[in-house]
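Peer 1: Any chance you could fold what I've pasted below:
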Amino acid sequence: MAKEDYIIVTDACSDIIPEYAEKEDVRVIPMRVTMTDGTVFDATYNNSNMSLAEFYQRIELGLFASTAAINPQEYIDFFEPLLASGHDVLYNCFTSGMSSTYGNALIAADELRENYPDRKLVVVDSLGATGGQGYHTYFAALNRDKGMSIEDNAKWLENTRLHIAYTWTVSDLMHLNRGGRLSKAAAVFGTALQVKPVGDIDDEGHLVSIGKAHGRKPSVKKLCDMYLKSLDENADAPVLICHCDCPDDAEDLKEMVLATGKTREVIIGRVGPVVGTHLGPTGLTVFYFCKERLTEI
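Peer 2: Okay, here's the model as predicted:
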């Protein structure tokens, strides 16, 4: 089975690395972002409408961004040309635990199936976000290249989605507060004590804090410790580190992960506007195949 037999789609929340999306012809649905100064732009797979440097500079200045869920009509407008041209579509969607995107995609898919009964449009809830969602989508594209059917690939995504780790940490807690992920009192108190949360995405697709470290360097090391604790050593796959705007910390973490001897390759990517507004410039994340998502450390 060749690439042309069905198209792999994800959305801008996935932060799929542009070169990987282009290599595997993964299509990415834009997501509308509105900043508190009134700036509106579409987040894209390559952030062509606003560079990440400019976005995080604005966040550093105290602005915040909100993201509108992709609505059913936007999904129809994106999927219909693909179906009309004779392609089937497999869509790995931003988690239903953080957005209504998945529900809206199902509404659109039901309508499109009536108009294109001979085409397949399969929607999968990734129960994930940012680089982990993109990481998972990329492997689905490789499955397609190897001849996996759209139905089996959708089942593979569903069967493996809880075995993608989404470990993360931040240094500035106020961004979590502004995004509604942490109370202001907890953010102020934690900041004063140099408490740095570390967390994962839970099995329902929610961003959760499951522990803490005192200081930035210990929190970065904690991510490596979490990797060692939950890594599925039977999975022969690279590790993906994505950062918001802290490249030095990402490089430090890469060296830590490589030093464990558990992987031969660590890739560094970026966290885009959809999730980056909640994590802030110091957001640092690690994605890999795990035995299970962590609930404690």
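Peer 1: Distance-wise, check the residue positioned nearest the centre of the chain relative to Ile150.
Peer 2: For the chain, the residue nearest the mean C-alpha position is Thr130 (1.6 Å; Cα atoms, centre = their mean). Distance, Thr130 to Ile150, by Cβ to Cβ, to the nearest Å: 25 Å. Quick note: C-beta positions are derived from backbone N, CA and C, even for glycine.
Peer 1: Now do the SS call for the residue nearest to Gly132 when sequence neighbours are not counted.
Peer 2: Leaving aside its sequence neighbours, Gly132 sits nearest to Phe287 (Cβ to Cβ, 6 or more residues apart in numbering; 4.0 Å). The three-state label given to Phe287 by DSSP: H, G, I helix; E, B strand; the rest coil is strand.
Peer 1: Quick check: Phe287 touching Tyr135?
Peer 2: Yes - in this structure, Phe287 is within contact of Tyr135 by Cβ atoms under 8 Å, at 4.8 Å.
Peer 1: List the residues that are in contact with both of the two.
Peer 2: For the pair Phe287 and Tyr135, residues contacting each of them under the criterion Cβ atoms under 8 Å, 6 or more residues apart in numbering are 164, 240.
Peer 1: Check which element follows the helix or strand of the chain with the lowest mean pLDDT along the chain.
Peer 2: The helix or strand with the lowest mean pLDDT-type score in the chain, counting by mean pLDDT, DSSP states H and E, is helix 184-192 (a mean of 39). Secondary structure here is assigned by DSSP states H and E; on that basis, the next helix or strand after helix 184-192 toward the C-terminus is strand 195-201.
Peer 1: Which strands border that next one, and is each parallel or antiparallel?
Peer 2: Applying DSSP bridges, strand 195-201 is found paired with strand 164-169 (antiparallel), strand 207-214 (antiparallel).
Peer 1: closest to Ile201 out of those?
Peer 2: With respect to Ile201, and counting by Cβ to Cβ, the nearest of the strands paired with strand 195-201 is strand 164-169 at 4.0 Å.
Peer 1: Contacts for the closest one, please.
Peer 2: Looking at strand 164-169 with Cβ under 8 Å, 6+ apart, the contacting residues turn out to be 128-130, 132, 135-136, 196-201, 207, 213, 219-220, 222-223, 226-227, 230-231, 279, 283-290, 293-294.
Peer 1: now the strands for the protein?
Peer 2: The residue ranges that make up the strands of the chain, judged by DSSP state E, are 6-11, 27-29, 31-35, 40-43, 65-67, 88-93, 121-125, 164-169, 195-201, 207-214, 239-243, 266-270, 284-289.
Peer 1: how about the fifth one: buried residues?
Peer 2: Neighbour-count burial for strand 65-67, counted by 16 or more other Cβ atoms under 10 Å, picks out 65, 67.
Peer 1: follow-up on the earlier one: any chance of the strands of the chain in a markdown table, plus mean pLDDT and distance to Tyr102?
Peer 2: Formatted as a markdown table, these follow (pLDDT from 0 to 100; distance: least, Cβ to Cβ, whole Å):
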| stretch | mean pLDDT | distance to Tyr102 |
| --- | --- | --- |
| strand 6-11 | 98 | 10 |
| strand 27-29 | 98 | 12 |
| strand 31-35 | 96 | 13 |
| strand 40-43 | 97 | 18 |
| strand 65-67 | 90 | 14 |
| strand 88-93 | 98 | 5 |
| strand 121-125 | 98 | 5 |
| strand 164-169 | 95 | 16 |
| strand 195-201 | 85 | 14 |
| strand 207-214 | 86 | 16 |
| strand 239-243 | 98 | 22 |
| strand 266-270 | 98 | 23 |
| strand 284-289 | 98 | 20 |
